[in-house]
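**Student:** Kindly return the folded structure for what I paste below:
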Amino acid sequence: MNTFIHYHTLDLRIHDSPSLHKAHQPNNRSTHFLPLYIFDPRQLDLSQFPNTSSSRPAQASTDAPNQDGSAKFEPRQTRCSPKSRVGKFHRTSPYRLKFLLEAVYSLRESYRRSGGDMLIAYGPPEKIIPQLIAELQKNGGEIEGFFAQREYTVEEISNYRRISDGLASQKGNAKGDKGVKLEFNDSKTLIPPGQLPFDPSRDTPDVYTEFRKKVEGLGIGLDEMLKRPLQTSENVDGEIRVKVGNEKLKPFPDVKFDHIKLGEGDGGFLISETVEEVYAKLVRPLLDNPPIGGWSSAAASASHQESNGNANGKGEIPELHSASAIPFEGSVKAALDRIDDYIGQLQRGQWQGGNKAKHYKETRNGLLGEGFSTKFSSWLSLGSVSPKEIGWRVGQLMEKEGRDKEVWKNVYWILFELLWRDYFQYTVLKTSLSDQTPKSRSKTTSSPDDGDEYHPNSSLFNPDGFSSQISTYPKDLRPKPSEWHSANLQDENDPARRWCEGRTGVPFIDANMRELIQTGWMSNRGRQNVASFLTKDLYCDWRIGAEFFEMHLVDYDTCSNWGNWQYQAGVGNDPRSSRQFNPIKQARDYDENNEFVRTWIPELKDLPKEYIQTPWLLNDPSKLGGYPSKPIVELPSWKKHYPNQPSGRNRYGKDGKQNKNKNKAKGNGKGPGGGKSNSKQENQ
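**Tutor:** Now for the predicted structure:
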């Protein structure tokens, strides 16, 4: 029995799968295919499962070994914990967990429908995988390949290295002639590293525009920048199944995996457990210790039902909020269905559908509903959909309909955003490498697995961010982390806590934060505004915001989340460190009819329409239904956008009717809490 193993991490799909493609080529000697997924105790609290450590999961408060002495900021701790470093938040939420389990278990169903299976385990991967391989090597069995998707973040790289170290300590396969090596597929990004016109580990530009222009220099059409995804699946009557050319999925190895003896506290295998049973065990530690702001009302309701005696101890997976902008499952099928719905597809020489994509640029700043933006990020974050699959479909639409300039300029912006995602991945790769990286490494072999030293505390998570390693703007114009407000999240009146809980008194900010808690989603427009408010108006440590987003966002991606937060805080790739949003102007521009605020802050729904975005101007707390009567901070630049200003200066005149003149604000807010901004404020 020759087994090909694919270790799934953030690539929970069977379409565009390099491992499936390799394992099913005519020259591949494997007779069996074993997909594997492991719930890691460094990311999820596994304490409800048998044979897990009796001690509490490691907290992110242990000093990281071999910490680079040049790291100037505290805390100097590892992120390998189910709790975050600064805010001590959970690193997942009931909704994120729901989406993950839907992705994992639907992937297993796809393998089973294809005639195979997927092994699901829990515990430290470096403990489980060597024991699994040893079992497969019994009685002359061989490992024909052991692959995973290449990742660019320090925690994932560390995971791979621990696994490799564990494999290196084994004697080798049954013949004793070689050990098992973990190898990697480049399936994470739209543009693989070997296809880039530069070495991403060294020469990724410090500014996105330069990156985009270099990449688009390859040509943005099909078979230029956009490469055809691997054909490793097919849709049969609405079911996604494995198919590589004329080959069907190789069988799952006939091994009693539940008989593998793991060490004490090293976890186990999930053979017959249902997704509901696994959810119940993983969500329990979250529900027992809710964060500031609490969990979604749906999750709380499911928790209450469970505590009142659920049959067989099964957990209730929460229903989605009725106003959720992402009413989707985490499954591969849901991801591919969304591509069909949003972009459309070529059928009998004609393009069918794609109306949403054809208006993407016009609608992407929307706030309510599922149609205003692609929502692809939800599946991209887990790899349930391939970025190449999306890019190729977009390229097909542009090729077919591109003569229509309006269509082209809208659809192109989907590629623009996919390249932003790639850019953050490669920026993290570049800034995580230490100065001791060997000069001899070639562009095409640049990878996290080739033995190079990585910064053990990547600048992705440090207060001064990428700006400590790049020079896109002068140092004296950057924010000073030492002047930022240090959050005390135990204090109910702490600015950072009020931001987390949606109690700032600025409705546009609070509505976005409440949507995040209740649904696990926030629009791109909302993310920019709340990040600007926390970092520029409240002058708080941006990492509180990044960690709070990590906990709640269903589409959380390490590189995009932390990279974007740095960008908004002025410590990342943005050469304009003073970039600041005016939440009053933004509300007038993007929530013109106040529908978004009314949806998420029902306390204000009966106010006169011109005061919903600025309720403190009523000077009547009795009409606010308990909502804060004053904003936590008020900047002079906001006032020209207040209601009842002279006609032409804001959207509402004295008669309360809409004024379509939209002027830009020029605020001069410096941020509360004793820290003043060291740069000229620019309000948008």
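**Student:** ok, residue 195 - contacts?
**Tutor:** When contacts are counted by CB atoms under 8 Å, 6 or more residues apart in numbering, residue 195 is found next to 218, 227. For the C-beta atoms, the positions are set from N, CA and C on the backbone; glycine is no exception.
**Student:** same deal with residue 413?
**Tutor:** 360-361, 364.
**Student:** what's the helix or strand for the closest residue to residue 583 other than its chain neighbours?
**Tutor:** Nearest non-adjacent residue to residue 583, counting by CB to CB, 6 or more residues apart in numbering: residue 508, 4.9 Å away. In the assignment (DSSP states H and E), residue 508 maps to helix 507-519.
**Student:** Check which helices and strands that helix sits against.
**Tutor:** Packed against helix 507-519, as judged by 3 or more CB pairs under 8 Å, 6 or more residues apart in numbering; DSSP states H and E, are the following elements: helix 495-501, helix 524-532, helix 542-552, helix 583-590, helix 595-600.
**Student:** What are the buried residues along the shortest one?
**Tutor:** What it means is helix 595-600. By neighbour count with 16 or more other CB atoms under 10 Å, helix 595-600 contains the buried residues 596-600.
**Student:** Give the other helices and strands that it contacts.
**Tutor:** Partner elements for helix 595-600 (3+ CB pairs under 8 Å, 6+ apart): helix 507-519.
**Student:** Using CSV, write out every CA atom in the helix it packs on.
**Tutor:** Listed in CSV are the C-alpha atoms of helix 507-519, where the atom choice follows Å, rounded to 0.1, in the frame of the first residue of the first chain:
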residue,chain,number,x,y,z
PRO,A,507,-24.1,55.6,15.6
PHE,A,508,-22.2,54.8,12.3
ILE,A,509,-19.3,53.3,14.2
ASP,A,510,-21.5,51.5,16.7
ALA,A,511,-23.8,50.0,14.1
ASN,A,512,-20.8,48.5,12.3
MET,A,513,-19.5,47.0,15.5
ARG,A,514,-22.8,45.6,16.5
GLU,A,515,-23.2,44.0,13.0
LEU,A,516,-19.7,42.4,13.5
ILE,A,517,-20.7,40.8,16.8
GLN,A,518,-24.2,39.7,15.6
THR,A,519,-23.2,38.3,12.3
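**Student:** can you pull the buried residues of that helix?
**Tutor:** 507-519.
**Student:** Likewise for stretch 270-285?
**Tutor:** 270, 273, 275-276, 278-285.
**Student:** Same check on stretch 202-209?
**Tutor:** Buried residues in stretch 202-209 (16+ other CB under 10 Å): 204-206, 208.
**Student:** Equivalent analysis for stretch 91-102, please.
**Tutor:** Buried-residue list, stretch 91-102, by 16+ other CB under 10 Å: 91-102.
**Student:** now do stretch 256-266
**Tutor:** Those would be 257, 260, 262, 266, for stretch 256-266 by 16+ other CB under 10 Å.
**Student:** what about stretch 28-41, average pLDDT?
**Tutor:** Stretch 28-41 shows a mean pLDDT of 97.
**Student:** Off-centre distance for that stretch?
**Tutor:** Here stretch 28-41 is found 24 Å from its chain centre; the criterion is CA atoms, centre = their mean, to the nearest Å.
**Student:** measure that stretch end to end?
**Tutor:** This stretch, stretch 28-41, spans 34 Å end to end (CA to CA, to the nearest Å).
**Student:** buried sites along it?
**Tutor:** Counting neighbours by 16+ other CB under 10 Å, one finds that the buried residues in stretch 28-41 are 28, 30, 32-41.
**Student:** Would you reformat those residues as a markdown table and include secondary structure?
**Tutor:** Converted to a markdown table, the buried residues of stretch 28-41 look like this (DSSP: H, G, I helix; E, B strand; the rest coil):
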| residue | secondary structure |
| --- | --- |
| 28 | coil |
| 30 | coil |
| 32 | strand |
| 33 | strand |
| 34 | strand |
| 35 | strand |
| 36 | strand |
| 37 | strand |
| 38 | strand |
| 39 | strand |
| 40 | coil |
| 41 | coil |
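**Student:** What about the buried residues of stretch 256-266, which are in helices?
**Tutor:** With helices taken from DSSP state H, there is no overlap with these.
**Student:** from those residues, which has minimum pLDDT?
**Tutor:** In terms of pLDDT, the lowest of the buried residues of stretch 256-266 is residue 257, showing 85.
**Student:** got the contact list for that one?
**Tutor:** Counting by CB under 8 Å, 6+ apart, residue 257 makes contact with 119, 132, 135, 269, 271.
**Student:** from the residues you listed, which single one is nearest residue 248?
**Tutor:** Of all these, residue 248 sits closest to residue 119, with 19.4 Å by CB to CB.
**Student:** For the chain, which residues score under the pLDDT cut-off?
**Tutor:** 54-79, 171-178, 302-315, 433-457, 471-473, 646-684 (pLDDT under 70).
**Student:** would you list every one of the strands in it?
**Tutor:** Assigned by DSSP state E, the chain shows strands spanning 2-8, 32-39, 119-122, 142-149, 183-185, 233-236, 239-242, 268-269, 345-347, 350-352, 579-580, 682-683.
**Student:** Compare these and give me the one nearest residue 429.
**Tutor:** Closest to residue 429 of those is strand 183-185 (CB to CB; 12.9 Å).
**Student:** Please compute how far the closest one lies from its chain's middle.
**Tutor:** Distance, stretch centre to chain centre, for strand 183-185: 22 Å (CA atoms, centre = their mean).
**Student:** Inside helices: which ones of the buried residues of stretch 202-209?
**Tutor:** If you go by DSSP H, the buried residues of stretch 202-209 have residue 208 in helices.
**Student:** dump the residue contacts of residue 374.
**Tutor:** Here residue 374 is in contact with 338, 342, 356-357, 360, 414, 417 (CB under 8 Å, 6+ apart).
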